[in-house]
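S.K.: Fold the following for me, if possible:
(chains A and B)
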Amino acid sequence: MTTIAELQQISLEMRKAILRMANHAGVGHVGGSMSAADILSALYFAVMRVDPQHPALPHRDRFILSKGHCTPGYYAALALRGYFDRELLYTFDATGTTLQGHPDMHKCPGVDYSSGSLGQGLSIGIGMVLGAAALGESYKAYVLMGDGECQEGQVWEAFLYAGAHRVRNLVAIVDHNRVQLSSTLADGVDIDPLGQKLSAFGWRVIETDGHDLGQLLPALQAAAVECEQGPVAVIANTVKGKGVSFMEGQYQWHGKAPNDQQLEQAIAELEGRNAP
Amino acid sequence: MTVQPGTMIEQRASFGEALVELAAENDRVVVLDADVCTSTQTHLFRNAYPERFYQIGIAEQNMVGIAAGMAAAGLVPWVSAFGVFLAHRAGDQVRNAVALPKANVKLSGGYAGLPTGRAGGSHASVEDVAVMRALPHMTVLEPADAVETRLLVRLATQLPGPVYLRTVRCEIPVLFPADHAVTLGKAVPMAQGDDATVFSTGMMTARAKEAVEMLRQRGLSLRHVHFHTLKPIDQEAIVDACRMGKPIFTVENHSVIGGLGSAVAEVAAEKEPCRVIRIGYQDIFLESGNDEELFDQYGLTARTIAARIESELHR
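M.R.: Modelled structure (predicted):
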């Protein structure tokens, strides 16, 4: 049973891996990876039933990175969890790599579905759990979505269907960092009040801090149980670029990789050596 | 079930019935609908296997995504909708959730081309083959009659990956005997001749066959070949016809851009240059009206197909 302290350590390692991977590649969606790091830690190390030695285990829980651009975070989580060697992270986005810019289920071990085009993951998650039910399986699907992504219409088709049909074993987690590619959501198209909307669509809604694992872990654990009755949405209130003072809340860090100097400064902050 | 050649049967009914027969043989097959099942005839499947029929509502994007997830879970989903909406409304999902990851999803594009029951331009897809052909990993099939519809539904289900099966709403004549066989990517010889070649697909094969027969009476001997597989196209059949040194005519219920005619021209131009004359919709959207009156207007009745071929050969 992974403790909060252990998860915090994992999140720290994950954040460092994200920054190093992106820096090495010269590219990477860092802001949204950093905001998702604690969610990924909790899911992969405490909540989801998975076995990295058997990535195709039939009754494993499924994970879909619907916000598919946050591959630095995803790959760091998979590496730390043991799906592949950490050294492989330095092949991110390189020619011929198994770690493509957006997740490729036929290349990267542990990826349950390819993604990249926003708004599609929740539909796929619905299909997986409906398929599971048809075949007598009871695994769950956890779909990690962006909040900007919730501007896509298909997302609402999926919320509508899952609520109307009370789809079971489905958990949607919205990484609500309130910043998208070119602006904040407030300056783009605000999706709030999100919780009220999802409730109206027939979902059980759990709102939580997306970084305080003392809140986040129990929220995800509750979702894992309650989704057996109907679809559950966990709205995780997060900070884009969380952990690095000059990245936090900045849309400019949506798709940017740190240079060497920024990397050094960021790592120092994360390790508490240079408190901002 | 044995049906007499020449019998007129709605292809949408053939498709609907084929799915029901398939379900009895394969318990992984499920059907998804976006509220058009009483049009596309998948309501027959709904009646027979209600627990395997998923009504997704008027939400084609969600429908295709759900199918992708179901395929990943081990089901064999048939997604049935009007071709125009699969190609466009759900186009991103077909591309990114199905084709790109090679999902085992079978897409049925019904109501293809002109005969949509008078729906008009918004529904009459002249370009769905063009879209689907351009997608890597996508197999594109267009059966000619009730017999082939059943065979290709089965074939598509057995293939390990994305398939787009194109059918029409209207009545079409049974062309093939009960023991007809289909092989993926192998065109079907219909008639021998050496004045020119006619290639056709889908519902146009019956009309092309009639046109070839009419022209035989007028002294023209035409080779006629039917393509049930538009992708992967039978390159050998095309090159063989090119080697005759005579023009190739293509006939399709589709735009002359991006469909059978284009596929043939692509191969001919690269391998064995030959004149290819494409009979189809000339880069236009279609309109409401009586099917046969419109087919005649667009040059896609047996009479007008024959007239076009004859005039080109006698130039």
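
S.K.: In the stretch 1-150 of chain B, where is pLDDT below threshold?
M.R.: Low-confidence segments of the stretch 1-150 of chain B (pLDDT under 70): B:1.

S.K.: Report all helices and strands that the helix or strand containing residue A:63 contacts.
M.R.: Here residue A:63, judged by DSSP states H and E, is contained in strand A:62-65. Here strand A:62-65 touches helix A:121-134, strand A:141-146, going by 3 or more CB pairs under 8 Å, 6 or more residues apart in numbering or on different chains; DSSP states H and E. The C-beta positions use only the backbone N, C-alpha and C, and glycine is treated the same way.

S.K.: Does residue B:35 touch residue B:54 like I think?
M.R.: No: under the criterion of CB atoms under 8 Å, residue B:35 is not in contact with residue B:54, lying 11.7 Å apart.

S.K.: Could I get the helices and strands packed on strand A:62-65 in CSV, plus columns for mean neighbour count and mean pLDDT?
M.R.: Putting the helices and strands packed on strand A:62-65 into CSV (neighbours: other CB atoms under 10 Å in any protein chain shown; pLDDT from 0 to 100) gives the following:
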stretch, mean neighbour count, mean pLDDT
helix A:121-134, 28, 98
strand A:141-146, 28, 98
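
S.K.: For chain B, find the nearest of the ones you listed.
M.R.: Taking CB to the nearest CB, helix A:121-134 is the member of these nearest to chain B, at 2.2 Å.

S.K.: And chain B, is the closest one touching that?
M.R.: Yes: judged by CB under 8 Å from any CB of the partner chain, helix A:121-134 comes into contact with chain B through A:122-132, A:134.

S.K.: closest to residue A:151 among these?
M.R.: Of all those, residue A:151 sits closest to residue A:122, with 13.5 Å by CB to CB.

S.K.: That closest one reaches residue A:145, doesn't it?
M.R.: Yes: Residue A:122 is in contact with residue A:145 according to CB under 8 Å; the separation is 6.6 Å.

S.K.: Please list the residues of chain B that sit near chain A.
M.R.: Applying CB under 8 Å from any CB, one finds that chain B approaches chain A through B:30, B:52, B:54, B:56-57, B:59, B:61-75, B:77, B:92-93, B:95-97, B:100-102.

S.K.: end to end, how far does stretch B:243-252 reach?
M.R.: End-to-end distance of stretch B:243-252: 22 Å, with CA to CA, to the nearest Å as the criterion.

S.K.: in it, what's buried?
M.R.: Buried residues in stretch B:243-252, counted by 16 or more other CB atoms under 10 Å in any protein chain shown: B:244, B:246-252.

S.K.: Need the overlap of contacts for residue A:122 and residue A:145.
M.R.: Counting by CB atoms under 8 Å, 6 or more residues apart in numbering or on different chains, the shared contacts of residue A:122 and residue A:145 are A:66, A:155, A:172.

S.K.: The strand or helix carrying the last one pairs with which strands?
M.R.: Counting by DSSP H and E, the secondary-structure element that holds residue A:172 is strand A:170-176. Partner strands for strand A:170-176, per DSSP bridges, with pairing direction: strand A:141-146 (parallel), strand A:232-237 (parallel).

S.K.: Max pairwise distance over the residues of helix A:121-134 next to chain B: which two?
M.R.: Pairwise distances across these (CB to CB) peak at 18.7 Å, for the pair A:122 and A:134.

S.K.: Quick check: helices, which of the residues of chain B next to chain A are part of them?
M.R.: Secondary structure from DSSP state H places B:61-73, B:92-93 of the residues of chain B next to chain A in helices.

S.K.: And the closest residue in space to residue B:273 that isn't next to it in sequence, how far from chain A?
M.R.: Nearest residue to residue B:273, sequence neighbours excluded (CB to CB, 6 or more residues apart in numbering or on different chains): residue B:242, at 7.3 Å. Going from residue B:242 to chain A by CB to the nearest CB, to the nearest Å gives 37 Å.

S.K.: same deal with residue B:157?
M.R.: Relative to chain A, residue B:157 is positioned 16 Å away (CB to the nearest CB).

S.K.: Got phi/psi on the closest residue in space to residue B:163 that isn't next to it in sequence?
M.R.: Using CB to CB, 6+ apart and skipping the chain neighbours, the partner closest in space to residue B:163 is residue B:156 (4.1 Å). Per-residue torsions, residue B:156: phi -60, psi -40 (degrees, to the nearest 10).
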